[in-house]
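**Student:** Below are the sequence and a predicted model; questions follow.
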Amino acid sequence: MSKASVRLSRRGMTLVELLVTVLLLAIALVALSQMFVTGVLAANKARNIQIATNRVMQEIEKAKDMGYLNLVVDYDHFPPPYTILDNNVVGFDVAGLRDAQGLLVIEPYPQPSTDNLKRVTATVSWGGSRFTSGDITVNTLVANRP
């Protein structure tokens, strides 16, 4: 074998080297695309949690502002768009979340020695994929103050 033929055979890439390079690039691109998909799902989940938390806190603050005596489930205190579902359960809308349902439960505090407290529980549940669905629940107590 002459020096000229050795020099010519080392000038370019072989087909096997090219295929290995393309395979490595494909593996890297698949990994990067999975990271992108995971990032988008995480951002959607965080957005849903933020919307639900804001809505739950709005309802909790409204209940606290109503005060103990006005915290009664009826159409005078919870007019439409609220929906009265039971003697102590009120439904409310949650804009911006897919298949969302909001519930406000108002009940006497279960401790027998505290008849001047009401427990308010606000919950927002929403649908979506198993990665983006969820629920948020917040509780508070409202006291009968003189």
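**Tutor:** Happy to help now that I have it.

**Student:** got the residue ranges for the strands in this structure?
**Tutor:** Secondary structure of the chain, counting by DSSP state E: strands at 83-84, 89-92, 101-108, 117-126, 134-143.

**Student:** Can you lay out the ones you listed as JSON lines showing mean pLDDT, mean neighbour count and distance to M66?
**Tutor:** Heads up, the C-betas are built off the backbone N, CA and C, glycines and all. Formatted as JSON lines, these follow (pLDDT from 0 to 100; neighbours: other Cβ atoms under 10 Å; distance: least, Cβ to Cβ, whole Å):
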{"stretch": "strand 83-84", "mean pLDDT": "96", "mean neighbour count": "14", "distance to M66": "15"}
{"stretch": "strand 89-92", "mean pLDDT": "97", "mean neighbour count": "18", "distance to M66": "12"}
{"stretch": "strand 101-108", "mean pLDDT": "96", "mean neighbour count": "18", "distance to M66": "10"}
{"stretch": "strand 117-126", "mean pLDDT": "96", "mean neighbour count": "20", "distance to M66": "9"}
{"stretch": "strand 134-143", "mean pLDDT": "95", "mean neighbour count": "15", "distance to M66": "8"}
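
**Student:** does V89 have beta-bridge partners, and which?
**Tutor:** V105 (DSSP bridges).

**Student:** Pretty sure it sits against V105.
**Tutor:** Yes. Using Cβ atoms under 8 Å, V89 is in contact with V105, at 5.4 Å.

**Student:** Contacts for stretch 33-53, please.
**Tutor:** Outside stretch 33-53, the residues within contact range by Cβ atoms under 8 Å, 6 or more residues apart in numbering are 94, 96-97, 100, 124, 126, 128-129, 131-136, 138.
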